[in-house]
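> What follows is a predicted protein model with its sequence.
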There are 2 protein chains.
Amino acid sequence: MGRPDRTRRTLLDAAVVVLSKDSAASLSAVAEHAGVGRTTLHRYFPTRELLIRALVEDALDRVAEAIASAHPDEGPVVDALQRVTDTVVPLGPSLSFLHAEPEVYNARDLIRRWYEALEPVAEAIERGQADGSLRADLPVKWVVDAYAGAILTAWDTADEGRIWLQDAPRLVMTTIVHGVATPQDTP
Amino acid sequence: MGRPDRTRRTLLDAAVVVLSKDSAASLSAVAEHAGVGRTTLHRYFPTRELLIRALVEDALDRVAEAIASAHPDEGPVVDALQRVTDTVVPLGPSLSFLHAEPEVYNARDLIRRWYEALEPVAEAIERGQADGSLRADLPVKWVVDAYAGAILTAWDTADEGRIWLQDAPRLVMTTIVHGVATPQDTP
DNA sequence: TCCAAATGGGACATTCCCGTTCCAGAACGG
DNA sequence: CCGTTCTGGAACGGGAATGTCCCATTTGGA
């Protein structure tokens, strides 16, 4: 991997962190956070628009890859979701960026691609509802969003120092799968 | 209530909708969405900073008032949370705005005030953990964030048309309280 | 070591948004 | 019905961010 590739990677990583906390942050701020001159940033991403697009692509790729690597179609559904959670939580900045970026919010095709990336999770949830391990009185679309939202919340909460990041996967799984009530009280 | 009060209310309502979807939206966009001239907007809120502050105050007040009106300190905790959910879900735009606004994210005191507004919820959760109706192996801070996050997610999901807004409170409560697994599988 | 590639800084024009001012017209209340 | 208040449009200066160019310097590989 040559120098250009490393610089590009550095820029993408810095940009996702900065822009996830302020989607309107200036390109100067991004370049500075990456330890790179603003000129160099423009050399790799000529316009802000192109930088955003590249970040979205990168984030979607990472999420899709992380989910795939967890093999959500294998084994008991709850175990599968546990594996997905473990691999996706570290992608917090990318999730946070996708969620904060207005470009994503207002572009139909990008929303569609987000849910395409989550499709294996949706299938796992359907599988769970079919085999009786997940309750079937909740819309799959809702469960997908609630699950993804919980992961995002966990990242944000850890980022604010209210929980430890290492606890995040367990908290997400316990809360989403079993709920916050005591088991006995669940009718 | 005179004309100025109504105009101010119109502006606040329009601004929270526009800025919740794009925290960097221009004041022209806000004024246009409110059906008001940009001059008038500046007459009520001289600077963008002051508009943001007023929006934050308004959002925090609404959340605190909605929670208080649900009397989260009375009756069974799960019932109390149900009442809070019912009253808070309609505040989606305000929650979304608070969550998206970088000004809030980066200001210690505003974060503190957000959690102060949620304090009655935190107390209800503590009460539930103490009386055995809620599981005690989850940090209260996490439960508060997960709960608020679920309400926000439900609003966003309804806004995208993936669920009906009228179903949101039930979905939030079922998911957060009981989880998405079938009751029998909860150990 | 040497050369090509990559980088960083400075300078510049452009564009967009903000905040202000002025003035004419509309709306509301007495 | 009249006058006070509120509103909307136009115009302007200032400032910040963007995108572009040029050139000196550094870096890393052959």
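Arrived safely. Numbers count the residues shown, from 1 in each chain, chains lettered A, B, ... in the order given.
> Now residue A:83. Nearest residue, chain neighbours left out?
residue A:70 (3.9 Å; CB to CB, 6 or more residues apart in numbering or on different chains). To be clear about C-beta, it is placed using only N, CA and C from the backbone, and glycine gets the same treatment.
> if I look at the one you found, how far off is residue A:98?
Separation of residue A:70 from residue A:98 (CB to CB, to the nearest Å) stands at 19 Å.
> quick one: which of the two has more around it?
Per other CB atoms under 10 Å in any protein chain shown, whichever of residue A:70 and residue A:98 has more neighbours is residue A:98, with 25 against 21.
> residues in contact with that one?
For residue A:98, the contact set (CB atoms under 8 Å, 6 or more residues apart in numbering or on different chains) comprises A:56, A:59, A:60, A:104, A:114.
> Among the residues you listed, which ones are in strands?
In strands, defined here by DSSP state E, there are no members of these.
> of these, list those near DNA strand C.
Of the entries in those, none also sits close to DNA strand C under the rule CB under 7 Å from any atom of the strand.
> Closest one of the residues you listed to DNA strand C?
DNA strand C lies nearest to residue A:104 out of the contacts of residue A:98, by CB to the nearest atom of the strand, at 18.5 Å.
> these two touch, right, the closest one and residue A:59?
No: assessed by CB atoms under 8 Å, residue A:104 is found out of contact with residue A:59, at 9.0 Å.
> Which one of those two is surrounded by more residues?
residue A:59 (24 against 21).
> list the contacts for the nearest residue to the more buried one once chain neighbours are set aside?
In this structure, residue A:59 finds its nearest non-sequential neighbour in residue A:94, 3.8 Å apart by CB to CB, 6+ apart. By CB under 8 Å, 6+ apart, residue A:94 lies in contact with A:16, A:20, A:58, A:59, A:62, A:63.
> Export the least confident helix or strand in chain A by mean pLDDT to CSV, keeping only CA atoms.
One helix or strand of chain A scores below all others by mean pLDDT, DSSP states H and E: helix A:102-105, with a mean of 91. Output of helix A:102-105 as CSV, limited to C-alpha atoms (Å, rounded to 0.1, in the frame of the first residue of the first chain):
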residue,chain,number,x,y,z
PRO,A,102,-28.2,15.6,5.7
GLU,A,103,-27.0,14.4,2.3
VAL,A,104,-27.9,10.9,3.3
TYR,A,105,-31.1,11.9,5.0
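> what's that helix in contact with?
Contacts with helix A:102-105, where a contact means CB under 8 Å, 6+ apart, come from A:23, A:52, A:56, A:98, A:110, A:111, A:114, B:21, B:22, B:23, B:24, B:25.
> The second one is in what secondary structure piece?
Using DSSP states H and E, residue A:52 sits within helix A:48-69.
> Pull up the residues of chain A that are close to DNA strand D.
A:2, A:3, A:26, A:27, A:28, A:38, A:39, A:42, A:46, A:47, A:48, A:49.
> Which residues are in contact with the residue nearest to the spatial centre of chain A?
Residue closest to the mean C-alpha point of chain A, counted by CA atoms, centre = their mean, is residue A:95 at 3.1 Å. By CB under 8 Å, 6+ apart, residue A:95 lies in contact with A:59, A:63, A:88, A:148, A:151, A:152, A:155.
> Please report how far the fifth one lies from residue A:169.
With the distance defined as CB to CB, residue A:151 ends up 9 Å from residue A:169.
> Mutual contacts of those two, please.
A:85, A:89.
> which residue ranges form the helices in chain A?
Taking DSSP state H to define them, one finds helices in chain A at A:3-21, A:27-34, A:38-44, A:48-69, A:77-88, A:92-100, A:102-105, A:108-117, A:119-131, A:140-159, A:168-173.
> and residue A:67, how many neighbours?
Using other CB under 10 Å: residue A:67 sits among 21 other residues.
> Next, the contact list for the nearest residue to it once chain neighbours are set aside, please.
Of all residues not flanking residue A:67 in the chain, residue A:120 sits nearest, at 5.2 Å (CB to CB, 6+ apart). Residue A:120 makes contact with A:67, A:68, A:72, A:73, according to CB under 8 Å, 6+ apart.
> Run through chain A and note the low-pLDDT ranges.
A:1, A:184-187 (pLDDT under 70).
> please redo it, this time with the cut-off set to 90
A:1-5, A:105-106, A:183-187 (pLDDT under 90).
> Specify the residue ranges that define each domain of chain A.
Domain assignment for chain A by automatic domain parsing gives A:1-46, A:55-179.
> mind checking how far the last one is from the chain centre?
Chain-centre distance of domain A:55-179: 7 Å, with CA atoms, centre = their mean, to the nearest Å.
> got the end-to-end distance for it?
34 Å (CA to CA, to the nearest Å).
> swap in stretch A:161-174?
20 Å.
> so what's residue A:129 closest to, chain neighbours aside?
residue A:136 (4.4 Å).
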